[in-house]
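# Give me the fold of what follows.
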Amino acid sequence: MTDAYAAWAAAHALQLFIALPLLAGGAALLLARCGLSLPRRSRAAFFMAGTCAALALFLVLAFAIESEGAVVAFDRALAGSLSMSMSTPLLWLLSWFTYLGDRKFLTGISVLMTLFLLWRGDWRLALVCAVATGVGGALNWLLKHAFQRVRPEHDHGYASVAGWSFPSGHSSAAMAVYGMACYLLWRLAPPAWRLPSIALLAALIMAIGLSRILLQVHFASDVLAGFAVSLAWLALCVAVAQRLRQSCARGQGVQ
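Residues are numbered from 1 along each chain as shown. Now for the predicted structure:
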């Protein structure tokens, strides 16, 4: 059964690469609208529930990797099926998408976002941005060395990788940096830009993660775990940013 699911996913790789980012964008819009519809006091519970769900998913995947059960079997079957079915044009396209999750590229975006916030004089938000992206990267490095999972084999030449596999660094960094960009756009951008920006960035995050699987440089569970752990960390950082915002607003009100 595992091999059959993996073979089906590999045979429909291009369709999944198109459909799943669109679904991610739609889900992000739905979550944003749900969050806005909640009373202010309920939003903290909403963030906490999201954090706990993401953290629980990561822990389940970590346990599955260590126990080498059905999840590992599916990972290996999918990687093997992809290695025999991916076309050269699709690999070339994926190599461009995966670059958008490159650590150096995302570091540049993170630095620019932080500098922009400092230029605006919003040092609290700049600090949250720097911590959310920088510590998120350090957390991924620690987890990689804790699990020391070997990457799937690949020899197509469209991606160069080094280091351990679990959790995916590209997926984790994309979630942290582009996720923080979503929050900043929600705080600072004109209202008409907010929902479209969130949908676009959510789709981009998903596309970057999928590119790592389809390029066979990560197993599927690596990518899902990278998303989960960074989403949990990002939710905590956003909650802190909101608390700082409320404290600042109360302080200005007292003055």
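
# The longest helix belonging to the chain packs against which elements?
When the chain is parsed with DSSP state H, its longest helix is helix 220-254. Here helix 220-254 touches helix 40-67, helix 70-85, helix 123-147, helix 169-188, helix 191-214, going by 3 or more CB pairs under 8 Å, 6 or more residues apart in numbering; DSSP states H and E. Yep, even glycine has a C-beta here, placed from its N, CA and C like the rest.

# helix or strand right after the shortest one?
Same thing as helix 70-85. Going down the chain from helix 70-85, the next helix or strand is helix 88-99, by DSSP states H and E.

# list the buried ones in that following helix?
Within helix 88-99, the residues scored as buried using 16 or more other CB atoms under 10 Å are 90-91, 93-95, 97-98.

# Repeat that for stretch 230-246.
230-235, 237-239, 241-242.

# what's in contact with it?
The contact list for stretch 230-246, computed with CB atoms under 8 Å, 6 or more residues apart in numbering, reads 43-44, 47-48, 50-52, 54-55, 58, 124-125, 128, 131-132, 135-136, 139-140, 171-173, 175-176, 179-180, 183.

# 6 Å - rerun?
Contact with stretch 230-246 is made by 47, 50-51, 54-55, 124, 128, 132, 136, 172, 175-176, 179, 183, as judged by CB atoms under 6 Å, 6 or more residues apart in numbering.

# confidence score at Tyr158?
According to the prediction, Tyr158 has pLDDT 66.

# Likewise for the one 3 residues further on?
pLDDT recorded at Val161 is 75.

# Run the angle between the longest helix of the chain and helix 191-214 for me.
Here the directions of helix 220-254 and helix 191-214 differ by 160 degrees (axes from the mean of the first three to the mean of the last three CA atoms, to 10 degrees).

# Just the residues contacting stretch 74-85, thanks.
Contacts of stretch 74-85 (CB under 6 Å, 6+ apart): 2-3, 6-7, 9-10, 152, 216, 219-221.

# Now intersect those with the helices, please.
2-3, 6-7, 9-10, 220-221.

# and the angle for the longest helix of the chain with helix 2-11?
70 degrees.

# can you give me how far helix 220-254 is from the chain middle?
Distance of helix 220-254 from the chain centroid (CA atoms, centre = their mean, to the nearest Å) equals 14 Å.

# How many residues are close by the closest residue to Ala181 other than its chain neighbours?
Nearest residue to Ala181 in three dimensions, chain neighbours excluded: Leu201, at 6.0 Å (CB to CB, 6 or more residues apart in numbering). Here the count is done by other CB atoms under 10 Å, and Leu201 has 21 residues near it.

# Leu201 is in contact with Cys182, isn't it?
Yes. Taking CB atoms under 6 Å as the definition, Leu201 is a contact partner of Cys182 at 5.1 Å.

# circling back: tell me which of the ones in helices among the contacts of stretch 74-85 is nearest to Leu23?
Lowest distance from Leu23 to these (CB to CB) belongs to Ala9, with 14.8 Å.

# wait, what's in contact with the closest one?
Leu78.

# Which members of the contacts of stretch 230-246 are classed as buried?
47, 50-51, 54-55, 128, 132, 136, 172, 175-176, 179, 183.

# Closest one of those residues to Gln15?
Met175 (23.4 Å).
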